[in-house]
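Enquirer: 3D, please:
(one chain, ligands or ions: 1)
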Amino acid sequence: MKLFLDTGNIEDIRIAAETGLVDGVTTNPSLIAKEGKPFVPTLKKIAKIVQKHNKRAVINGEVVSTDFSGMMKEALRLVRLTPNMIIKIPLIPDGLKAVYALHKKKIGTNVTLCFTAAQALLAAKAGATYISPFIGRLDDITSEGMEVVGEIRQIYDNYGYPTEILVASVRSPRQITDAALVGADICTLPTKIYHQLFKHPLTDTGLQKFLADWEAYQKKQK
Ligand code: E4P
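Expert: Residues are numbered from 1 along each chain as shown. Here you go, the predicted structure:
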C-alpha cells in the first residue's frame, strides 16, 4: 500500500520523506492556507522534496474553480509546474467532466470529497486516477467511513476499474491497518499519524532492554 502525507508543511514533508517511505503528498486549499505561504512555490518545493527520496512520488494540487473551464485552466497550469503533478478535483458534475477531459489528455486526477460508493463509481467511469473517500468526516457524522472504502473496493474489482482508492481524512493509525485490510491502494496521512505508525511502547522498552543487556555484557567482557 502506498502512503501519502496530507499536509502543506514543507519542513514536515522534508523530515518524513527522508525515510524513503513516502509515495506522495496531498494538499487542499485549507492545508495550503494554514501554512500561509505562496501556493505555486510551495507546490514546486514539495514536488522536489518528495521526488528526491522516491522518484515515483507524486504531489496532488487542488483546483479552486467550480466550473468546467475554470478547472481545466487551473489544471493545465498546475501540470506545467512539475511532471509528478496530480490534479485534485471536487466530486461535482463539472468536476467529473474535467476529470474525463484530463483523462483524455493523459493527465492524472484525484477526485476529492467522495462520501459514497456511488460517487466513487462515477469518478471511476470518468477515468479518475485516484478516488478520495473522506473516512474521518464520515465517522464524524456517525457513518462508517471504512465501510464505504470496502464498498468501493468491491465495485472497482467487480468491473475492473483501474482507479486507485486513496483513503483520506485519516484520524488514527489504526485506520491504516483497516484500510490495508479492505484493500485500499493508498492512505494519505497527517504527518503526526505517519510518525505514530512507527511507534509501539513494546518496541521502545524492548530496545532499551536489548541495549542495557548489551552494555552489561560488554562490561563483563573487559
Ligand atoms: C485529502 O486529500 C484531504 O486533504 C484530507 O484528507 C482531508 O482531511 P480532513 O477531513 O482531516 O480535513
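
Enquirer: Every contact and neighbour count from this point should use C-alpha atoms.
Expert: OK.

Enquirer: Near the ligand, which residues of this structure are found?
Expert: Residues of the chain lying close to the ligand by C-alpha under 6 Å from any ligand atom are Asp6, Thr26, Thr27, Asn28, Gly136, Arg137, Ala168, Ser169.

Enquirer: Mind listing the residues bridging to the residue nearest the centre of the chain?
Expert: Closest to where the C-alpha atoms of the chain average out (C-alpha atoms, centre = their mean) is Thr188, at 2.9 Å. Note on Thr188: beta-bridge partners by DSSP bridges are Phe4.

Enquirer: What score does it have for pLDDT?
Expert: pLDDT, Thr188: 98.

Enquirer: Test my guess that Thr191 contacts Asp6.
Expert: Yes. Counting by C-alpha atoms under 8 Å, Thr191 does reach Asp6; the two are 7.0 Å apart.

Enquirer: mind listing what the residue in the chain that the ligand sits nearest to touches?
Expert: When scored by C-alpha to the nearest ligand atom, the chain has Ser169 as its residue closest to the ligand, at 3.3 Å. Ser169 is in contact with Pro133, Phe134, Ile135, Gly136, Arg137, Thr188, Leu189, counting by C-alpha atoms under 8 Å, 6 or more residues apart in numbering.

Enquirer: Any regions of the protein where pLDDT drops low?
Expert: For the chain, no stretch has pLDDT under 70.

Enquirer: Run a quick neighbour tally on the residue lying closest to Thr19 once chain neighbours are set aside.
Expert: For Thr19, ignoring the flanking residues on the chain, the nearest one in space by C-alpha to C-alpha, 6 or more residues apart in numbering is His53 at 7.9 Å. Neighbourhood size, His53 [other C-alpha atoms under 10 Å]: 17.

Enquirer: now His53: how far from Gly24?
Expert: Distance of His53 to Gly24, given as C-alpha to C-alpha, to the nearest Å: 11 Å.

Enquirer: Gly95 now?
Expert: Here Gly95 is placed at a distance of 22 Å from Gly24 (C-alpha to C-alpha).

Enquirer: And Lys52, by the same measure?
Expert: 12 Å.

Enquirer: So which other helices or strands are in contact with the helix or strand containing Arg77?
Expert: Element membership for Arg77, per DSSP states H and E: helix 68-79. Applying 3 or more C-alpha pairs under 8 Å, 6 or more residues apart in numbering; DSSP states H and E, one finds that helix 68-79 contacts strand 85-90, helix 93-104.

Enquirer: Kindly reformat these as CSV containing mean neighbour count.
Expert: Listed next are the helices and strands packed on helix 68-79 as CSV, based on neighbours: other C-alpha atoms under 10 Å:
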stretch, mean neighbour count
strand 85-90, 26
helix 93-104, 20
